[in-house]
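> build me a model from this:
(one chain, ligands or ions: 3)
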Amino acid sequence: MAEPKKLFIKTYGCQMNVYDSERMAEALGGQGYVETQSADDADMILLNTCHIREKAAEKVYSELGRFKGLKAAKPDLKIGVAGCVAQAEGEEIMRRQPMVDLVVGPQSYHRLPELEARAGGGAKALDTDFPEEDKFERLKSRPKSARGPTAFLTVQEGCDKFCAFCVVPYTRGAEVSRPAERVLSEARDLVERGVREITLLGQNVNAYHGAGGDGDWSLARLIRELAKVDGLERIRFTTSHPNDMDDELIAAHGEVDKLMPYLHLPVQSGSDRILKRMNRKHTSESYIRLIERIRAARPDILMSGDFIVGFPEETEEDFAATMALVEEVRYGQCYSFKYSSRPGTPAAERALVDPAAADDRLHRLQALLTRQQREIQDAMVGRETRVLFEREGRVAGQMAGKSEHLHAVHVTADGIARGDLRRVRITESNPNSLSAVLV
Ligand code: SAH
Ligand code: SF4
Ligand code: F3S
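Ligands and ions are numbered 1, 2, ... in the order given. I've put the predicted structure just below:
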């Protein structure tokens, strides 16, 4: 039998890219590739890239530069670029980095086996189509290997919202939902292989409207059906848009035990003037009222969000409105970014705010968010929660996992196995995790 070829995949960007990387590895598995953790001994290197901010996109070129030596030493080595940078700048990548053999976009990677066969030895392959066929259907047959206790499952892709700053509608295309039955069967398959927690993914996952047996299913309906799968203990979903948070989904947060009390609901800014310029189609007031309704359904829910500071024309007053919104919501987790101008987006035409002012705002916002996160984490001390243990901790005898609220938790005790779901009491809050004891 031929020696298996080695595939090294490096993943940037969001969880959907993590999911896609797994699928690409499976697709290439059929071509005789096994995954390796090091680029040095690889026969193929695949970068699964992110285009969301300039820094993320530029990283691809510097990363490729690092492979020059490898390619010179091993001319058979195939180098591929996948993901959102591939979609946005595929031709430019080929031009700027002649060592790249293959470029494949996020909607056509089910064709990787054909592309891989075509590329190499000087031949190039590029596919950034948005094909009609369902790539997930084409990728369905996968090896039934065991896997860890948590998994991502993409249920919805693309975006029709066109926020003025964002490349996603261009790199991922229009909003598409996977049929409900396919999602359920993939979930059952994951559970058979040892998965106990599934995070449903989509760029706007709560806009999900996949075909079910009796018409289109909402995300809430999908979650309720998933909750009936024996052996599946936890359900999460990300990322949600405030405008797609319907009553049914809010109710599910209060009624479905397996749905975890954590919600990532980006708002981007607290200023209505800026929200309007961002084309977000909600106000800070409507967002705050929405969170009140969610908290009425599930009082202990942990809120998470995304913010952009320094959006074109953002004034100190606009920024003060963002700080006020954060004070009011109290986030348990948050991601905040300095605005990055992206080619092809409407906001790229507008004048930037002074970069020093934007940096200063980002620091102030992050200080506030870090303080809130820490306060909410500290308030867990003394409480009981359930932890799904995922791996061994850094210290001998220690196991690490996630709480219901997605906090990292460490427990030192005998007899805890990977995949165990155990009741614990939180004893201590550390900078990036909680310590706990079994109860
Ligand atoms: N679909 C999700 C977000 C996907 S992108 C949503 O609408 O909530 C993840 C985050 O990256 C965004 O929420 C936003 O905060 C940030 N982001 C997107 N484009 C950006 C840009 N041009 N500059 C800085 N941050 C950006
Ligand atoms: Fe981007 Fe807005 Fe779509 Fe989110 S909703 S992916 S920020 S365009
Ligand atoms: Fe990045 Fe594409 Fe995800 S731009 S954030 S990898 S959808």
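
> need the longest helix for the protein.
If you go by DSSP state H, the chain has its longest helix at helix 355-378.

> average pLDDT across that one?
What helix 355-378 shows for mean pLDDT is 98.

> can you list contacts of the lowest-mean-pLDDT helix or strand in the chain?
Averaged element by element with mean pLDDT, DSSP states H and E, the chain has its least confident helix or strand at helix 135-138 (a mean of 81). Applying CB atoms under 8 Å, 6 or more residues apart in numbering, the external contacts of helix 135-138 come out as R23, Q107, S108, Y109, H110, T154, R178, R182, E186. Placement of C-beta: from N, CA and C, glycine included.

> identify, from these, the entry nearest to I288.
Nearest to I288 among the contacts of helix 135-138: T154, at 30.2 Å, using CB to CB.

> and that closest one, how many neighbours?
T154 has 21 neighbours, counted by other CB atoms under 10 Å.

> show the contacting residues for it.
T154 sits next to M16, Y19, D20, F136, R178, L200, L201, G202 when contact means CB under 8 Å, 6+ apart.

> any chance of these in JSON lines, with neighbour count and secondary structure too?
Compiled in JSON lines, the contacts of T154 are given as follows (neighbours: other CB atoms under 10 Å; DSSP: H, G, I helix; E, B strand; the rest coil):
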{"residue": "M16", "neighbour count": "25", "secondary structure": "helix"}
{"residue": "Y19", "neighbour count": "17", "secondary structure": "helix"}
{"residue": "D20", "neighbour count": "26", "secondary structure": "helix"}
{"residue": "F136", "neighbour count": "17", "secondary structure": "helix"}
{"residue": "R178", "neighbour count": "21", "secondary structure": "coil"}
{"residue": "L200", "neighbour count": "22", "secondary structure": "strand"}
{"residue": "L201", "neighbour count": "23", "secondary structure": "strand"}
{"residue": "G202", "neighbour count": "29", "secondary structure": "coil"}
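
> in the stretch 101-250 of the chain, which spans are strands?
With DSSP state E, counting those that start in this stretch as the criterion, the stretch 101-250 of the chain has strands at 102-104, 125-127, 150-154, 156-157, 176-177, 197-201, 211-212, 215-216, 234-238.

> pLDDT of the second one, averaged?
Put plainly, it is strand 125-127. Rounded mean pLDDT across strand 125-127 is 95.

> same deal with the first one?
Per-residue pLDDT values over strand 102-104 give a mean of 98.

> pick the most deeply packed of the strands of the stretch 101-250 of the chain.
With neighbours defined by mean count of other CB atoms under 10 Å, none of those is more surrounded on average than strand 102-104, at a mean of 26.

> list of residues touching that strand?
Against strand 102-104 from outside (CB under 8 Å, 6+ apart): 78-82, 86, 90, 93-94, 111-112, 115-116, 119, 124-128.

> now those residues: which count as buried?
Buried subset of these (neighbour count, 16 or more other CB atoms under 10 Å): 78-82, 86, 90, 93-94, 111-112, 115-116, 119, 125-128.

> my guess is E225 meets A187, correct?
No: contact criterion CB atoms under 8 Å: E225 and A187 do not qualify, at 9.2 Å.
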